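**Student:** Whatever this is, show me its structure:
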Amino acid sequence: MTKRPSLTEMASEDARNVPRPPRRWFTRLALPIAITLTAALVLITTGWNVIVPARDVRVISTAVRPVEAVVQNREMPTSAIQAPGWVEPDPFATYVAALEEGIMKELLALEGDHIMKGQVIARMVDDEARIAVSQARAELILARSAFKADKAAEVAARTELEELVESTRRVALARAQHQRTIAQLQEYVSLIRASEAARDQLLDEINRKESLIEEGAVAEALVVRLKLKATAAQAELDGLHDQKMAKSAELDAAEAELDASLRSSELLIHETLEAESAAANLERSKGAVALAEARLERAELALARCEVVSPVDGIVIERLTSPGSTINFANGVHGAHVLHVYDPEKLQVRADIPLSDASRVGVGQLAEIVVDLLPDQVFQGEITRFLHKADIQKNTVEAKIRIIDPSPLLKPEMLARVRIMPGRTSTMGMEMTSTVQRVFVPKSAIVDFEGAPGLWTVEEIEGGRGRAALQPIVLGEGRNGDWLEVLTGILPGAKVILDGEGLTPGSSVRINEGDA
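**Tutor:** Prediction:
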C-alpha cells in the first residue's frame, strides 16, 4: 500500500521556508494568570467579612444633646438653617371621649366648630341608664327600711340585756354564800368531833374512878363532878348537832339560790347573744345602705355621662363617630373617642433638621415660619424640644418649634417651611454663649489612644458586620449622667463599640446593639 505524502511534503519549497511566528508568552500565559489572580483577589476582598470569623461586639449610637457653650464671636454661625415641617397642636391634640359604652344618639359638634370647656357635644341613648337609676333608688329605700328595723331591734336587745345584768351579781353572791355555808358546816363537823372526844374522855375517867370509890382510893365527890362535866359535854355535843342540822338546811337554801342565779345567768347569755346578733344585723344593714347609695351614685353618674362633655376649649379637627354608632372601649384606639380637638392658640411645627446641621440647633433658638396658606406672612417661633430619635432613612432629627403668635387661619397638618436663626447669644466681653448640639458618648466606651482619649467605632457596616476603627477624640466639659461630651472626632449617629478591649484596627466585627 502506497504511503500518502504529508502536507509538509506536498508544500512548495517557498512555503516550507516561511519562518515561524514568534511565541507571545505574555498574551498566552502571563495575562490569563494575572486576570485569574486579580479575580481571586477581588473575590477574597469582597467576601472577606464572610470568610474571616467576626468578633461579636456591643455597640451603641452616639447621642446628641443641647448644651450651653461659650464661643468666640468669630466662631458664631451666621447662616440660618432651612427645614421642612408640618403644623400641629402644641404640645398635642385632645381627644374628647365618651366615658360610658352605648349607642350614640346625636352629635352636636362638627368639623371646624369652636367648642367650649364643659359644653355638651354629644348625647347617647340613656333609656337603660334611667331605668338603672330608678332601680338603684328603690334598692336604697329598701336598704334604709331594713336599717331602721334592725336599729329598733338592736335598741330593744341592748335594753333587755342591761335589765338582766343584775343577775350576774346575784350569781356571784349566791356562789359566795354557798361556799361560806359549806365552810361553816365543815367547822361544825370539826367541833362535834372535838366535843365527842372530850365527852368520851370524861366517861372513861368516870368508869375507871367509880371502882376505886369502895376501896377509898378516890373520893365520891370527884366522881360526881366528873359525871356533871360529862353531862355538860353531852349537852354541848347535842347543841352542836342541832347547829349542824341548821347549817345543813342553810346550805340547801344557798344551793337553791345558786341554782336560781345560774339559771338567770343562762338567760343572760341568751340575751347577750341576741344583743350581739342585733348589733351585727345593724352593721350589715348599715353596709347595705352604703352599698345602695354607691350604686345609686354610679347609676346617676352613668346617666350624666350619657351627655359627652368637652374637657377643653378648642376647634374640632375631625369627628370620630356618628349617630347610631356604638361606643365600645375595646374597639381599637378610637373606640371611645368622639371628637379630635385642638387649641388654635397653641400650635407648633414639627420640623426635620438635617443631622449635618443638628449641632447648630438647640432649645430656645428662634425661627421664622412660613406656610403655603399665607406665603407673605412670616410667623415667629421658638424651638422647645427635640425628639431623641433620629430618622435613619431621612437622615434627620425632629424638632418641635412653638409658633409664638399663630393665626386663626393656621390648621394642623399644613405644610410649613422653617428658617432656624443662629443660636441665641448673650455678649460676655469678646465671648458669647450659645445653645448648641453636642455629641455625647458613654464614659465606659472611652479608651486610651496614644495617651489621649479615643473610641472604637464600626465602619463599612453591611449586613450587621463591619470593621473596627480606633478614633482619637477631644472631650468637652459637658456631662449627662454617665455620658461625656465630645467636641471633635466623632459624628452624630456613629456606632461606638462598648467592649473594644483586644480589638485591632480593621478587625471584622459583628454588631449587637446595646441599650441607649
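
**Student:** Any stretches of the stretch 301-450 of the chain with poor pLDDT?
**Tutor:** Under the criterion of pLDDT under 70, the regions of the stretch 301-450 of the chain flagged as low confidence span 423-436.

**Student:** Show me the strands in it, by range?
**Tutor:** 307-309, 314-319, 326-327, 337-342, 347-354, 366-371, 379-391, 396-403, 415-420, 426-428, 431-442, 446-449 (DSSP state E, counting those that start in this stretch).

**Student:** For this structure, name the helix or strand with the lowest mean pLDDT.
**Tutor:** Ranked by mean pLDDT, DSSP states H and E, the helix or strand of the chain with the weakest confidence is strand 426-428, at a mean of 40.

**Student:** Can you classify residue 478 by secondary structure?
**Tutor:** When states are read from DSSP: H, G, I helix; E, B strand; the rest coil, the local structure at residue 478 comes out as strand.

**Student:** ok now do it, which residues does it touch?
**Tutor:** For residue 478, the contacting residues are 65, 67, 438, 440, 484, 485, taking C-beta atoms under 8 Å, 6 or more residues apart in numbering as the criterion. Placement of C-beta: from N, CA and C, glycine included.

**Student:** any idea of the pLDDT on it?
**Tutor:** Each residue has a pLDDT score; the one for residue 478 is 82.

**Student:** Checking the spatially closest residue to it that is not a sequence neighbour next. Helix, strand or coil?
**Tutor:** Counting by C-beta to C-beta, 6 or more residues apart in numbering, residue 485 is the residue found nearest to residue 478 once chain neighbours are left out, at 3.1 Å. Per three-state DSSP, the local secondary structure of residue 485 is strand.

**Student:** Run a quick neighbour tally on residue 485.
**Tutor:** A count of neighbours around residue 485, defined by other C-beta atoms under 10 Å, yields 18.

**Student:** in the sheet, who's paired with it?
**Tutor:** Residues in a beta bridge with residue 485, per DSSP bridges, are residue 440.

**Student:** Now the two most distant members of the contacts of residue 478.
**Tutor:** The span of the contacts of residue 478, defined through C-beta to C-beta, is set by 67 and 484 at 11.7 Å.

**Student:** shared neighbours of the two, anything?
**Tutor:** Between them, residue 67 and residue 484 have 476, 478 as joint contacts when contacts are counted by C-beta under 8 Å, 6+ apart.

**Student:** And these two? Which one has more around it.
**Tutor:** residue 484 (21 against 17).

**Student:** How about the contacts made by that one?
**Tutor:** For residue 484, the contact set (C-beta under 8 Å, 6+ apart) comprises 440, 441, 442, 443, 446, 475, 476, 478.

**Student:** State the pLDDT value of it.
**Tutor:** The score at residue 484 is 87. That number is its pLDDT.

**Student:** gap between it and residue 490?
**Tutor:** Distance, residue 484 to residue 490, using C-beta to C-beta, to the nearest Å: 11 Å.

**Student:** who touches both of the two?
**Tutor:** The contact sets of residue 484 and residue 490 overlap at residue 441 (C-beta under 8 Å, 6+ apart).

**Student:** sorry, back to before: using JSON lines, please lay out the strands of the stretch 301-450 of the chain together with distance to residue 124.
**Tutor:** Output for those, formatted as JSON lines (distance: least, C-beta to C-beta, whole Å):
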{"stretch": "strand 307-309", "distance to residue 124": "7"}
{"stretch": "strand 314-319", "distance to residue 124": "15"}
{"stretch": "strand 326-327", "distance to residue 124": "7"}
{"stretch": "strand 337-342", "distance to residue 124": "10"}
{"stretch": "strand 347-354", "distance to residue 124": "32"}
{"stretch": "strand 366-371", "distance to residue 124": "38"}
{"stretch": "strand 379-391", "distance to residue 124": "38"}
{"stretch": "strand 396-403", "distance to residue 124": "36"}
{"stretch": "strand 415-420", "distance to residue 124": "38"}
{"stretch": "strand 426-428", "distance to residue 124": "57"}
{"stretch": "strand 431-442", "distance to residue 124": "50"}
{"stretch": "strand 446-449", "distance to residue 124": "61"}
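
**Student:** Nearest to residue 409, out of those strands?
**Tutor:** Within the strands of the stretch 301-450 of the chain, the stretch nearest residue 409 is strand 366-371; the backing value is 8.7 Å (C-beta to C-beta).

**Student:** Which residues does the closest one contact?
**Tutor:** Taking contacts as C-beta under 8 Å, 6+ apart, the residues outside strand 366-371 that touch it are 80, 85, 87, 349, 351, 377-383, 401, 403, 410, 414-421, 424.

**Student:** Filter these down to the buried ones.
**Tutor:** Those of the contacts of strand 366-371 that meet the buried threshold are 85, 87, 349, 351, 379, 381-383, 401, 403, 410, 414, 416-418, 420-421, 424, by 16 or more other C-beta atoms under 10 Å.

**Student:** Pretty sure residue 148 sits in a strand.
**Tutor:** No: secondary structure of residue 148 (three-state DSSP): helix, not part of a strand.
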